[in-house]
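Novice: Quick check, what structure comes out for this input:
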Amino acid sequence: MMIQVTRPAKCTKLEATTFTQSQDIDSLKLQNCKLATKLEQFTEKTIYLESQSRRSNLIFYGLSESTPDDCEHKVRHLIKVHLGLKELFYPNADEGSSEPRDRLTNLLRFERCHRLGQKRKDDTEPRPIIVKFTYFKTVRPSGKNVNYFVRKVSR
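Specialist: As a prediction, this is how the structure comes out:
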């Protein structure tokens, strides 16, 4: 004799709902993994693009502040006099040459040159100056011993 057990319709409906929800969760997990991968790719791409846009930037520390502050003039003076990079100003110009002595605007162009941060009344140290050079390979410090610090901008 076989006993037939019938399940209530409510149980069958709950099992079907659970099965459907389980499939939905699996689908969402897969979608979440794909989105996480895309996010990681976009993050890497953003870091790369930021580093490429910053590669022609240098930060100059130790240049005094004045009012009004002419950052561009101070940086040009530092590069010419203290870092000994006069060739950026007078490339291929012999002393007896009739070539114009001021070739600065051709080789040493700045896209931007400004102080970093807000000026504070109580701060005795001058704010650093960030410079974005038009040409990536313009400045190569000579390694001379100076009281200024220059560094590449990185992330």
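
Novice: CA only for contacts and neighbour counts going forward, please
Specialist: Noted.

Novice: Give me the neighbour count for residue 64.
Specialist: 13 (other CA atoms under 10 Å).

Novice: Contact partners for it?
Specialist: Residues counted as contacts of residue 64 (CA atoms under 8 Å, 6 or more residues apart in numbering) are residue 126.

Novice: do you know how far it is from residue 126?
Specialist: Distance, residue 64 to residue 126, by CA to CA, to the nearest Å: 6 Å.

Novice: and what of residue 71?
Specialist: 12 Å.

Novice: More neighbours: which of these two?
Specialist: Taking other CA under 10 Å, residue 71 and residue 126 do not tie; residue 71 has more neighbours (21 against 16).

Novice: who are the neighbours in contact with the more buried one?
Specialist: 113-115, 129 are the contacts of residue 71 under CA under 8 Å, 6+ apart.

Novice: what does stretch 127-137 contact?
Specialist: Contacts to stretch 127-137, defined as CA under 8 Å, 6+ apart, come from residues 54-63, 65, 71, 107-117, 119.

Novice: Pull the number of nearby residues for residue 12.
Specialist: Neighbours of residue 12 (other CA under 10 Å): 11.

Novice: do the one 10 residues further on as well
Specialist: Residue neighbour count, defined by other CA under 10 Å, stands at 12 for residue 22.
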